[in-house]
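Asks: Structure for this input, please:
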Amino acid sequence: MTEDSSSLTATILEIQRLSTEDGPGIRTTIFFKGCPLRCTWCQNPESISTGPQLHWEETACIGCGTCIDTCPEKALSRGNEGIIIDRRTCTHCSLCSEECPSAAMKMSGKIWGLEGLIAEALKDRAYFEKSGGITLSGGEPTMQAPAAAALLRGLRREGIHTALDTSGQCTPDTLDALLPCVDLVLYDIKEIDPDRHRRFTGVSNKKILENLAHLCRYRETHEIPTDLWVRTPIIPGATASEENMRGIGRFMASLPDGAVSRWELCSFNNLCSDKYRRLGTDWPFKDTPLLEREYMESLAGCAAESGVNPEIVRWSGPTKMEEQRE
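Replies: Numbering: from 1, shown residues only. Modelled structure (predicted):
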């Protein structure tokens, strides 16, 4: 590691081991803190904020009140359903989480030095070295581009397969800095209509689509072997429509032949409902059921007929089976 990069730090939400959903094979996924999007269906709401966040886990709490007594800002109190966090006065000092005897009070977000982060990720090398690798996800890794680039370079020197999971909401220069050390890009295209994209994520998709085209050009001019997968979250009442599948497919068909090797449609799940509750945030999709398998298959069929190579279209994730509806 160079002298300059040795002083870099990264704010990491979580290091998830033995993942099979963030690229090929068995992977260790490093989730970066901070995201420029505000997707209404976000599965990792604790990753959106750039700073640490406090949350309370009901199942671990023993009701001792240590956290309340410890808090210097008096931001914690006891309510009918457990510990209440006044997020207007909480300073995220972490004293309550350090003193909590049952680890019910937790801080999401830890600052890592690059050497320590690489060493931690490589602990799982025996699992992923032959058939997987390490994926940078989030949040949005490009928001911490210098640290992400240094991390990728360090992993590349170790001979590790690397993947970058990105929304593409960044500058082209940021992508250029990361791509030389990335074996696979997992690129999100959520909604093709710019107004609907802004409505559901808080930003237009203009930069995202432009950056995908830029990424394809960069690969060609620099002759790097980076593979490209496009992923689309299939969200009921939002992205889950034939019109969206056709629109995304038409855009992808305008890219150079063979630029995208996989288009994965990721079905909605509501397993993150508890995360929103712990953060004291209401989630509009908390009562939304899984999509029916037949509908997911019809959307995949629509995507396959949209103008892309039909062989690249896949879908994954949970669905509601026929027997579940009876």
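Asks: Need the residue closest to the centroid of this structure.
Replies: Gly138 (3.8 Å; Cα atoms, centre = their mean).
Asks: how about the longest helix along the chain: buried residues?
Replies: Counting residues, the longest helix found in the chain (DSSP state H) is helix 206-222. Neighbour counts over helix 206-222 (16 or more other Cβ atoms under 10 Å) mark Lys207, Ile208, Leu209, Asn211, Leu212, His214, Leu215, Cys216, Tyr218, Arg219 as buried. Using the backbone N, CA and C atoms, a C-beta is placed for each residue, glycine as well.
Asks: got it, and stretch 237-248?
Replies: Result for stretch 237-248 [16+ other Cβ under 10 Å]: buried residues Ala238, Thr239, Ala240, Ser241, Asn244, Met245, Arg246, Gly247, Ile248.
Asks: Run through the residues that contact the closest residue in space to the residue nearest to the centre of the chain that isn't next to it in sequence.
Replies: Of all residues not flanking Gly138 in the chain, Phe32 sits nearest, at 4.2 Å (Cβ to Cβ, 6 or more residues apart in numbering). Residues near Phe32 by Cβ atoms under 8 Å, 6 or more residues apart in numbering: 10-13, 47, 136-141, 143-144, 148.
Asks: Can you select the buried ones among the residues you listed for me in PyMOL?
Replies: Buried members of the contacts of Phe32, defined by 16+ other Cβ under 10 Å, are picked up in PyMOL with:
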select buried, resi 10+11+12+13+47+136+137+138+139+140+141+143+144+148
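Asks: Quick one: the contacts of Phe32 as TSV, columns for pLDDT and secondary structure too.
Replies: Below are the contacts of Phe32 laid out as TSV (pLDDT from 0 to 100; DSSP: H, G, I helix; E, B strand; the rest coil):
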residue	pLDDT	secondary structure
Ala10	95	strand
Thr11	94	strand
Ile12	95	strand
Leu13	93	strand
Ser47	92	helix
Leu136	98	strand
Ser137	97	strand
Gly138	92	coil
Gly139	93	coil
Glu140	97	coil
Pro141	97	helix
Met143	97	helix
Gln144	97	helix
Ala148	97	helix
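Asks: Looking at the contacts of Phe32, spot the one nearest Ser94.
Replies: Closest to Ser94 out of these is Thr11 (13.5 Å), distances taken as Cβ to Cβ.
Asks: Double-check that closest one against Ser108; I have them as touching.
Replies: No. Proximity of Thr11 to Ser108 does not meet the contact threshold set by Cβ atoms under 8 Å, at 10.2 Å.
Asks: Now the common contact residues for the two.
Replies: In contact with both Thr11 and Ser108: Lys33, Pro52, using Cβ under 8 Å, 6+ apart.
Asks: Any stretches of the stretch 201-326 of the chain with poor pLDDT?
Replies: 322-326 (pLDDT under 70).
Asks: If we use 90, what do you get?
Replies: 220, 223-225, 270-271, 274-281, 320-326 (pLDDT under 90).
Asks: ok, Asn270 - contacts?
Replies: Asn270 neighbours (Cβ under 8 Å, 6+ apart): Phe285, Lys286, Asp287, Thr288, Pro289, Leu290.
Asks: Check those residues and tell me the two furthest apart.
Replies: Lys286 and Leu290 (13.2 Å).
Asks: Comparing these two, which residue is more hemmed in?
Replies: Legend: neighbour count by other Cβ atoms under 10 Å for Lys286 and Leu290, higher for Leu290 (17 against 12).
Asks: pretty sure that one contacts Thr319?
Replies: Yes. Contact criterion Cβ under 8 Å: Leu290 and Thr319 qualify, at 5.6 Å.
Asks: Could you name every residue contacting both of these two?
Replies: With Cβ under 8 Å, 6+ apart as the test, Leu290 and Thr319 both reach Ser267.
Asks: Now Met296. Its backbone dihedrals?
Replies: Dihedral angles of Met296 (phi, psi; degrees, to the nearest 10) stand at phi -60, psi -40.
Asks: Measure how buried it is and give me the count.
Replies: Around Met296 there are 23 other residues, counting by other Cβ under 10 Å.
Asks: which parts of the helix or strand that contains Ala147 are buried?
Replies: In this assignment (DSSP states H and E), Ala147 forms part of helix 145-157. By neighbour count on 16+ other Cβ under 10 Å, the buried set for helix 145-157 is Ala145, Ala147, Ala148, Ala149, Ala150, Leu151, Leu152, Arg153, Gly154, Leu155.
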